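# Could you look at this predicted model? Sequence included:
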Amino acid sequence: MRILGHRGASSDAPENTLAAFRLALDQGADGVELDARLCGSGEVVVFHDERLERLTGRSGRVADTPWTELARMEVRAGPAGASPERIPLLIEVLETLPRSAFINVELKSEDWPGTRVADAAGALLEAGRHEAQVVVSSFDPRCLLRLALAHPRLRRGLLLDPDRPQLIQRHLTLPLVGRDAVHPEAAQLTEADVHRWHAGGREVAAWTVDDPEVARRLRAWGVDTCITNRPGALRAALGR
């Protein structure tokens, strides 16, 4: 079973930073999960929230802030004692991580203009020849549809939102836009789900799994990937 650091080793370093990604690999993760969105000047930045407040202490929306300003900010929210780290561009992450590392790029958007991140991120992934070790996921089916149209070779996975109707997501949206993978919350996953999705040719990536006992159960079910805040602890519990 593949282990991916959720926003890197986010229990030990500021999330979605180069330090968190490097640490996840050092702790034995097979790769990382990260969040990608467009900033005000059009670059693809690695940042989870729509707004800046929680992570940087600054105010405003990422979509309204140019890269020249974001580049001077630091991600200050993180584990106690962790040093602040700067916000990275997606291209920096792709150039920094080894080609052997698996990368789950989650596309973030809150409106139709924000879905342009699918075009921009897809272009970066294909230009860097990262297709083989990448899956692109999103809660927003519009992002995945744009990705399918502009970059059909890239693998796509639908994130299932536990707060939205499951029948619609599982039986309507997933067949339309989640060609290669499905990413359910671990608490809403059953063994029957895993077998059904595998029979349909999709990988299953469960989030967010920090309990080794849960990870062992998911591995027994045949889950392909566990996304975790604590990759070191899960690697130690599961072995290679």
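Alright, I've got the coordinates. Numbers count the residues shown, from 1 in each chain.
# helix, strand or coil for the nearest residue to D64 once chain neighbours are set aside?
Nearest residue to D64 in three dimensions, chain neighbours excluded: G40, at 5.0 Å (CB to CB, 6 or more residues apart in numbering). From N, CA and C alone the C-beta is placed, and that goes for glycine too. Following DSSP: H, G, I helix; E, B strand; the rest coil, G40 is assigned to coil.
# and G40, how many neighbours?
Neighbourhood size, G40 [other CB atoms under 10 Å]: 17.
# Check the gap between it and I103 for me.
25 Å (CB to CB, to the nearest Å).
# Stretch 203-222: end-to-end distance?
10 Å (CA to CA, to the nearest Å).
# re the thing from before, wait, the residue nearest to D64 touches P113, no?
No - using CB atoms under 8 Å, G40 is not in contact with P113, being 11.0 Å away.
# Quick check: neighbours shared by these two?
A63 (CB atoms under 8 Å, 6 or more residues apart in numbering).
# pLDDT averaged over the helix or strand W197 falls within - what is it?
According to DSSP states H and E, W197 maps onto helix 191-199. When pLDDT is averaged over helix 191-199, the result is 98.
# Stretch 27-37 too?
98.
# and what of stretch 127-143?
The average pLDDT within stretch 127-143 is 91.
# go on, stretch 66-74?
Mean predicted confidence for stretch 66-74 is 98.
# Endpoints of that stretch, how far apart?
Across its full length, stretch 66-74 reaches 15 Å between end residues, using CA to CA.
# Next, the buried residues of it.
67, 70, 73-74 (16 or more other CB atoms under 10 Å).
# and what of stretch 2-14?
In stretch 2-14, the ones that count as buried by 16+ other CB under 10 Å are 3-14.
# Export it to CSV, keeping only CA atoms.
What follows is stretch 2-14, C-alpha atoms only, in CSV (Å, rounded to 0.1, in the frame of the first residue of the first chain):
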residue,chain,number,x,y,z
ARG,A,2,1.3,3.4,-1.0
ILE,A,3,1.8,6.0,1.8
LEU,A,4,1.5,9.7,0.9
GLY,A,5,2.2,12.6,3.3
HIS,A,6,-0.9,14.7,3.6
ARG,A,7,0.3,18.2,2.6
GLY,A,8,3.7,16.6,3.4
ALA,A,9,4.6,15.5,6.9
SER,A,10,2.1,18.1,8.2
SER,A,11,2.2,16.8,11.8
ASP,A,12,5.9,17.7,12.0
ALA,A,13,6.4,20.7,9.6
PRO,A,14,4.3,23.6,8.2
